[in-house]
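> Can you look at this prediction? I've put the sequence above it.
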Amino acid sequence: MSESSQVHGLLAEFTGHEELLSAARRAYDAGYRRMDAYTPFPVEGLYEALGMKSSRIPLIVLIGGIVGATGGYFMEWYAMAVYYPINVGGRPLNSWPAYIPITFELLVLCGALSAIVGMFILNRLPHPYHPVFNAPNFARATTDRFFLCIESADPKFELNATRRFLEGLEPASVTEVET
């Protein structure tokens, strides 16, 4: 077993969000792509600095909404025009204005449910354990510290070279995170 296979990555601790943002930009510019940041509050620009791609949730919600609306409309059409046709006042059997409320409600319902399911799947939830939880001082990520973790799965990751790179960013500490 290689040395880096037992290491999840290197975790650099910063005292301010500006330092973390600068470190993330410099790490991305240096060629690191498999990295993540942990902060006590949202940091504007960090998403872009880490090189994250846009989310697929809007597409999932759109598809879920279209499926829901189509299913709702088809369900009502089938019930009113095919399965149980009743001619009331000479109106056509496929009177689409009557189908709008249920079609809209199913669009919203299926869109919302697909957003929840998509978020769980894309975030790989539930995920009760992560290796960075065992790092010393990581609990401070919820109060006053900012962390940048370069993962060992990164193609450019080499333990000693990556440690020297992170130490050059002047963090409060650099910790090895074990799997």
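Here it is on my side, so go on.
> rest of the way, CA atoms for contacts and neighbours
Noted.
> what's the domain layout of this protein?
Per automatic domain parsing, the structural domains of the chain span 3-54+130-178, 57-122.
> For those domains, give me JSON lines that also has mean pLDDT and mean neighbour count.
Shown next, in JSON lines, are those (pLDDT from 0 to 100; neighbours: other C-alpha atoms under 10 Å):
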{"stretch": "domain 3-54+130-178", "mean pLDDT": "94", "mean neighbour count": "17"}
{"stretch": "domain 57-122", "mean pLDDT": "94", "mean neighbour count": "16"}
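> Alpha carbons of the longest strand anywhere in the chain, in CSV - could you do that?
Counting residues, the longest strand found in the chain (DSSP state E) is strand 7-14. Provided in CSV are the C-alpha atoms of strand 7-14 (Å, rounded to 0.1, in the frame of the first residue of the first chain):
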residue,chain,number,x,y,z
VAL,A,7,-3.7,9.9,3.5
HIS,A,8,-7.0,11.6,2.6
GLY,A,9,-5.1,14.9,2.0
LEU,A,10,-3.5,17.9,3.7
LEU,A,11,-5.5,20.4,5.6
ALA,A,12,-4.3,24.0,5.9
GLU,A,13,-5.9,26.1,8.7
PHE,A,14,-6.4,29.9,8.1
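> change the start of the numbering to 15 and stick with it
With the count now opening at 15, the last piece we talked about shows up as strand 21-28.
> next one: the helix or strand where Arg40 lies to chain centre, how far?
If you go by DSSP states H and E, Arg40 is part of helix 31-43. From the chain centre to the centre of helix 31-43 is a distance of 20 Å (C-alpha atoms, centre = their mean, to the nearest Å).
> Next: stretch 178-189.
On C-alpha atoms, centre = their mean, the centre of stretch 178-189 falls 27 Å from that of its chain.
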